[in-house]
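Asker: My questions concern the predicted model and sequence given below.
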Amino acid sequence: MKLLLSTTDPTVIAFAQALLAGEDIDSFVMDVHMSTLEGGIGLFPRRMMVADRDLYRARVVLKDNDIPDGL
């Protein structure tokens, strides 16, 4: 798995997941439950991971839709 996206904005994660699913690219979001530790203030970024073989295609999808990678 490779890191594709890191952001504190949950709407960006949801939009990126929808776009990748439309292109048949599986993704996995890490650090989703960190808000319970931080008190829900959005301090820690969520990370979106994709398979090594899908990384290039996923980056193209995000770039074509003006989603910054946050890396």
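Answerer: Cool, got the structure.
Asker: what's downstream of the helix or strand bottoming out on mean pLDDT in the chain, the next helix or strand?
Answerer: Ranked by mean pLDDT, DSSP states H and E, the helix or strand of the chain with the weakest confidence is helix 35-38, at a mean of 60. Later in the chain than helix 35-38, the nearest helix or strand by DSSP states H and E is strand 46-50.
Asker: Sheet-wise, list the partners of that following strand with their directions.
Answerer: strand 2-7 (antiparallel), strand 27-30 (antiparallel) (DSSP bridges).
Asker: Show me which positions of the next helix or strand after it end up buried.
Answerer: As assigned by DSSP H and E, the chain's next helix or strand after strand 46-50 is helix 55-64. Neighbour-count burial for helix 55-64, counted by 16 or more other C-beta atoms under 10 Å, picks out 55, 58-59, 61-62. (Each C-beta comes from the backbone N, C-alpha and C, glycine too.)
Asker: any idea how far the nearest residue to residue 30 once chain neighbours are set aside lies from residue 26?
Answerer: The spatial neighbour of residue 30 that comes closest, neighbours along the chain excluded (C-beta to C-beta, 6 or more residues apart in numbering), is residue 47 at 4.5 Å. From residue 47 across to residue 26, the span is 15 Å (C-beta to C-beta, to the nearest Å).
Asker: And those two? Which one has more around it.
Answerer: More neighbours surround residue 47 than the other of residue 47 and residue 26, with 19 against 13 (other C-beta atoms under 10 Å).
Asker: Good, wrapping up.
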